[in-house]
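S.K.: prediction below, plus the sequence it came from.
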Amino acid sequence: MSKWQTMRKRLKLNRPSRRRYARPPRQRTPVGMDFTAANLAVPLALQCCTDCGAVQYPPREVCANCLCGSLKWRPASGNGRVLASVTLHHSLWEFFKRRIGAAPWPVATIRLDCEVTVFAHVAAQTFDNTARRDIAAGTAVTVFSHSDCSRNAVLIAVAANTPIGTRAQRSAIAEQLGLTQPAEFTGGI
Amino acid sequence: MKDYSGVVIAAPISFGYAKQSPRGANWFIGNTLREMLRSAGLTKDDVDGLAISSFSLGADSAITLTQHFQMSPRWIAQLPYGGAAGLIALRRAARAIQAGDAEVIACVGGDGAAHRSFEGIAANFSNFTIDASFPYGAGGPNTAFSLITQHYMERFGATREDFARIALDQRYNANHYPAALLNHKPLSLEQYLSARRIAGPLHMFDCVMPCAGGEGFLMLSEERARHLSIPCCRILSAGELHNAHREDDVQLRGGWTEYADALYDAAGIGPKDIDILQTYDDYPVISMLQMEDLGFCAKGEGPAFVRDTDMRFDSSGPQERKLPHNTSGGQLSVGQAGSAAGYLGIVESIRQLTGQAGPNQVSGAHRAMVSGFGMINYDRGLCSAAAILGSAET
């Protein structure tokens, strides 16, 4: 067998959909990795400008307001309101494909009180039964960060007043979402 | 704003649309260029300017392509700006020709579609995408656009039937455009409404199909075109504005609102005088935003506008108001060939205005509005561009 054929065969057998474990996207930029590091210790940390004080998201190199190059990670309040919320029924990424196979995956854009817009996974189980299926725009939510099983911090939105004060409470929510465990392929080869 | 006199566009070519292809972007760009030169009766040494748009060049760039194609341009631009790429190339190239920096400029957009390559483009689109949107469900642009669509529907009461108007009339147009990937498939309202769910309010026929292909046109001075005696059309006005309305929480409008009036003033016409509208239609809601922002109807009236407008190329629909829209079927029915999709509207408009369109020819069309929108960096599209093109008689 030629080298080319061997490579092709290896790629075919090793494609994401055949692997036993699928994980969320691991790739981050250097400031994205800083986001993960800064969020290890606190429920939510966002970059703040040392000059004008503006809070920043997505993670970036310079202040969006005054272009100051010195941004510091500071604990931030995760309170905000839903701008739009949808459930995903299709994904390009194997981890989410497998999760969506079990149930549609809810995500939302949320405007935080500190005037940044975030994308977040939605912990639908924290909303009451009427709101769960379709979380309306304007619903009050709280956003916190938690490591997924690719060891990156990701944002999770829960209904306002959900207890998330302790790490155990936050971990339980992330685990219930299925973010802390890889999606397992049980079909065999 | 200086006008675009003395410059014409010609040689519209759409090349090699395929759902998947082992060929790279270079192959699609090179072949499109070859077809363009053949149709204009030029050789590659006659081309002294080159504008290239592509997402899948890999380690290559517009400069490395000059050695690949053995060309020696004295003006070059690489404009990987997605849905606005073609219009941005048109504006840059027109100014270069007016300034005398180049005489004949080839503007080409092309992308390959290797197995699973779209996943790679979506995953590596930009820094904000990598850190803050791709990890959340990894739907690519579907996620951002489902949120924009959901918000638009809640705010203005648009329904899926309204979006269907756009998708269905475009499919009718594509059924008469042989190069469209979905040329052979009719689409009914029932099929549209019962399609597979993708994300939130978006279902299968609301989403473009990534594919491979190339689109290109030549820009040259008026004398040169007359000398070659090739069919061409003119630029009546053009504008662009990027990352406009950044204070909006969710995208409801694009930069067009800021220069649409200037476009009509410069062309000396109004929205009613536009014979053909080509919007960037990666999702129907975006076409609706463009109709509103370009002055065809007021903000929030897009759903009502599409309900009583016949958008078929041959005006065969029952509605009173006629506005042929995306006459080749747009990306929703032709396919989205990466950066070439940003050239699709211009190329189709040149074909229409020069009478080269074939089965989907709009009769008596003299003015076309082309609009571009692109680059979903995080939660919204950043680029906006638009141009009014006129036939040679205008």
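M.R.: Arrived safely.

S.K.: got the phi/psi numbers for residue 15?
M.R.: Since you didn't name a chain, this refers to chain A. Torsion angles at residue A:15 (phi, psi; degrees, to the nearest 10) stand at phi -70, psi 150.

S.K.: let me know the pLDDT of residue 25.
M.R.: I'll assume chain A. In the predicted model, residue A:25 carries a pLDDT score of 94.

S.K.: oops, I was thinking of chain B
M.R.: According to the model, residue B:25 scores 94 on pLDDT.

S.K.: was I right about it contacting residue B:111?
M.R.: Yes. In this structure, residue B:25 sits in contact with residue B:111. The criterion is CB atoms under 8 Å, and the distance is 5.2 Å. Every residue, glycine included, has its C-beta placed from N, CA and C.

S.K.: give me the common contacts of the two.
M.R.: Residues touching both residue B:25 and residue B:111 (CB atoms under 8 Å, 6 or more residues apart in numbering or on different chains) are B:54, B:55, B:56, B:338.

S.K.: check the secondary structure at the residue of chain A found nearest chain B for me.
M.R.: Closest approach of chain A to chain B (CB to the nearest CB) occurs at residue A:86, with a separation of 2.7 Å. On the three-state scheme (DSSP: H, G, I helix; E, B strand; the rest coil), residue A:86 is labelled strand.

S.K.: the residue nearest to residue A:20 when sequence neighbours are not counted: neighbour count?
M.R.: Distances taken as CB to CB, 6 or more residues apart in numbering or on different chains place residue A:185 nearest to residue A:20, at 5.3 Å, with adjacent residues excluded. Residue crowding around residue A:185 was assessed by other CB atoms under 10 Å in any protein chain shown; the count is 16.

S.K.: residue B:112 contacts residue B:30, correct?
M.R.: No. Counting by CB under 8 Å, residue B:30 is not a contact partner of residue B:112; they are 11.6 Å apart.

S.K.: more neighbours: which of these two?
M.R.: Neighbours were tallied for residue B:112 and for residue B:30 using other CB under 10 Å; the higher tally belongs to residue B:112 (28 against 20).

S.K.: the more buried one: what's it in contact with?
M.R.: For residue B:112, the contacting residues are B:21, B:22, B:23, B:24, B:25, B:27, B:28, B:56, B:212, B:338, taking CB under 8 Å, 6+ apart as the criterion.

S.K.: so how far is residue A:161 from the residue of the stretch 151-300 of chain B found nearest chain A?
M.R.: Closest approach of the stretch 151-300 of chain B to chain A (CB to the nearest CB) occurs at residue B:200, with a separation of 2.7 Å. For residue B:200, the distance to residue A:161 under the criterion CB to CB, to the nearest Å works out to 26 Å.

S.K.: which one's more surrounded, the two?
M.R.: Neighbour comparison, residue B:200 and residue A:161: the larger count goes to residue B:200, with 27 against 9 (by other CB under 10 Å).

S.K.: surely that one and residue A:86 touch.
M.R.: Yes. Under the criterion of CB under 8 Å, residue B:200 makes contact with residue A:86 at 2.7 Å.

S.K.: any shared contact partners between the two?
M.R.: Shared contacts of residue B:200 and residue A:86, defined by CB under 8 Å, 6+ apart, are found at B:146, B:147, B:150.

S.K.: so which of these are also by chain A?
M.R.: Restricting the shared contacts of residue B:200 and residue A:86 to those near chain A by CB under 8 Å from any CB of the partner chain leaves B:146, B:147, B:150.

S.K.: can I get those residues in JSON lines with distance to residue B:194?
M.R.: Conversion of those to JSON lines gives the following (distance: CB to CB, whole Å):
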{"residue": "B:146", "distance to residue B:194": "18"}
{"residue": "B:147", "distance to residue B:194": "23"}
{"residue": "B:150", "distance to residue B:194": "20"}
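
S.K.: which secondary element of the chain has the worst mean pLDDT?
M.R.: I went with chain A, as the question did not name one. Comparing every helix and strand of chain A by mean pLDDT, DSSP states H and E singles out helix A:129-132 as the least confident one, with a mean of 62.

S.K.: sorry, should have said chain B
M.R.: Of the helices and strands making up chain B, the lowest-confidence element is helix B:117-123, at a mean of 88, by mean pLDDT, DSSP H and E.
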